[in-house]
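Engineer: can't give you the sequence, but here's the structure:
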């Protein structure tokens, strides 16, 4: 139960629901226990009046006696019915408290897990796959809810019914009660043994379910690759193998669970036989009445479902413990990037890297080594280099997706960590290399950068990003659903929607990471012309594999092997006859001169 102890805060939060539910369960069982006592009195009344019935049999008083006896039995039957109705009302209220409590807890848990996911840094998401994250917030939370609701409900019902039934049995006959309880020690030992098996098997099942989710999610996301490589059959086989493993583990758990019910019924059947045998002997001795035997048999049958449910409850608790353990693993994971800054002022745009070195925490790969540069407010810088040179890492560090390993980054003359984290990311417009669009309308994707943006403003920034005409050609225009990750749009359209989303924020600093790689030459020219105007007073960093002569850069740095190998203006770098000059020469040969001017 140590894993489930985390949930105690929820029980305290909804303590009113819990205690009212406990009260309603107890009251429901109290009126339930009264029913066998009423039946006992009715049966004893019949047995006691058998002699009088024989006396009056064949006389004129026989009919009156029979009518009187029938009337008394009718009242007993009516009383049993009233007790059942009252018991039913309290059962309804107990579900309206405990089950509702479990749903509220489930809602709170999902919010907490989701909010915690959002706090975790990029390194966490690189270590864990999406399917596993989804499994913990859906399947695992659902398993825990079964513990918070049904398991607690039936557990409380079991305890309260046991107390009421056993106390009622002891009042009648302690000796007969003892005989009824003989099978209970065997019951406890069997529950302990089987519960241990269930816990181990449940943990394996939840892990395998996460593997299944991850496999399915990857195939759905990469369905174009799967189809283009004609890998449907191998993919299906791999998924079938994983499903088969899940099936075997689930069947093993089902087999273990199936041991409970026959075992419980056997032990309860033995209790019933003991009641009839030893109870009959006590009736002969005159210590109890025949009605007491009927009462005891009803008590034993009352305990049939709660006792049988012990196995079911144990299974739910063990599965919940396994699931909560998986949830706790992530909830205990703390982000390495925390908001320790308090500077919430708008950014002026001065950026300085001082001897910055960065090594990725998980891979140990050094992406940047001794990087130094400084940008004044409003200046423009291009970062050029081969793939893997560390260009995108500079953008990640500016957004504080990671913290530097050595050196420091200054923003407006202050260490980056002293600035409020949310403010930094709000005032920096970032267009990443890997464009991501949400499964929503085009309008909503652009307005993601500014939630309250009116439609005319959304359309204006679509024009600035040179994607307005493309959008208007779609069947529903700006209300077109783009599909998962923007699958219905081309690569160039997705890039331009992403640019519009970043610029609509009207940020102080703009970072563009190879954001025009998928657009044609004419569209590129239109976007760059807007950049010349829009970025006039903004600090801008453009990461690219190409040279944009339409944009005037105050600085250009060339990276290779995680270091800056060249730095200067366009003219200076051409004179150096290095990598930049070679790249410019190759690009000039490949592209007509008109597109570079």
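Structural biologist: Sure thing, it's come through. Computed from a predicted model, the values in this text were never measured in an experiment.
Engineer: Please make it C-alpha for all contacts and neighbour counts, starting now.
Structural biologist: Fine.
Engineer: Give me the packing partners of the helix or strand where residue 132 lies, helices and strands only.
Structural biologist: Element membership for residue 132 (DSSP states H and E) is helix 130-135. Helix 130-135 sits against helix 184-221, with contacts defined as 3 or more Cα pairs under 8 Å, 6 or more residues apart in numbering; DSSP states H and E.
Engineer: What mean pLDDT does the helix it packs on get?
Structural biologist: Mean pLDDT, computed over helix 184-221, is 76.
Engineer: next one: it to chain centre, how far?
Structural biologist: 18 Å (Cα atoms, centre = their mean, to the nearest Å).
Engineer: For it, buried residues please.
Structural biologist: 187, 190-191, 194-195, 197-199, 201-203, 205-217, 219 (16 or more other Cα atoms under 10 Å).
Engineer: right, and the helix or strand after that helix?
Structural biologist: Counting by DSSP H and E, what follows helix 184-221 is helix 223-228.
Engineer: Just the buried residues of that next one, please?
Structural biologist: Quick answer for helix 223-228 (16+ other Cα under 10 Å): residue 226.
Engineer: helices and strands around the helix or strand following it, which ones?
Structural biologist: Counting by DSSP H and E, the next helix or strand C-terminal to helix 223-228 is helix 232-258. Contact analysis of helix 232-258 by 3+ Cα pairs under 8 Å, 6+ apart lists helix 184-221, helix 304-331 as its packing neighbours.
Engineer: try 10 Å this time
Structural biologist: On a contact count with 3 or more Cα pairs under 10 Å, 6 or more residues apart in numbering; DSSP states H and E, helix 232-258 meets helix 184-221, helix 223-228, helix 304-331.
Engineer: Starting from the helix holding residue 132, tell me the next helix or strand along the chain.
Structural biologist: Assignment by DSSP H and E places the next element after helix 130-135 at helix 141-146.
Engineer: Okay, angle between the helix or strand hosting residue 166 and helix 304-331 too, please.
Structural biologist: Counting by DSSP H and E, the element that carries residue 166 is helix 152-172. Going by axes from the mean of the first three to the mean of the last three Cα atoms, to 10 degrees, helix 152-172 is angled at 140 degrees with respect to helix 304-331.
Engineer: What average pLDDT does helix 152-172 get?
Structural biologist: 87.
Engineer: Touching, residue 509 and residue 535? I think so.
Structural biologist: Yes. Assessed by Cα atoms under 10 Å, residue 509 is found in contact with residue 535 at 9.0 Å.
Engineer: out of these two, which sits in the more crowded spot?
Structural biologist: Each of residue 509 and residue 535 has its neighbours counted (other Cα atoms under 10 Å); residue 509 has more, 27 against 21.
Engineer: State the distance from that one to residue 368.
Structural biologist: As judged by Cα to Cα, to the nearest Å, residue 509 and residue 368 stand 21 Å apart.
Engineer: cool, and residue 531?
Structural biologist: From residue 531 across to residue 368, the span is 28 Å (Cα to Cα).
Engineer: more crowded one of the two?
Structural biologist: With neighbours defined as other Cα under 10 Å, residue 531 and residue 368 compare such that residue 368 has more, 26 against 17.
Engineer: could you pull out the strands for the stretch 301-450 of the chain?
Structural biologist: For the stretch 301-450 of the chain, the strands defined by DSSP state E, counting those that start in this stretch cover 351-359, 366-375, 380-385, 406-411, 414-415, 428-431.
Engineer: mind giving me JSON lines with those and columns for distance to residue 449 and mean pLDDT?
Structural biologist: Converted to JSON lines, the strands of the stretch 301-450 of the chain look like this (distance: least, Cα to Cα, whole Å; pLDDT from 0 to 100):
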{"stretch": "strand 351-359", "distance to residue 449": "23", "mean pLDDT": "92"}
{"stretch": "strand 366-375", "distance to residue 449": "25", "mean pLDDT": "90"}
{"stretch": "strand 380-385", "distance to residue 449": "22", "mean pLDDT": "87"}
{"stretch": "strand 406-411", "distance to residue 449": "22", "mean pLDDT": "91"}
{"stretch": "strand 414-415", "distance to residue 449": "26", "mean pLDDT": "89"}
{"stretch": "strand 428-431", "distance to residue 449": "9", "mean pLDDT": "88"}
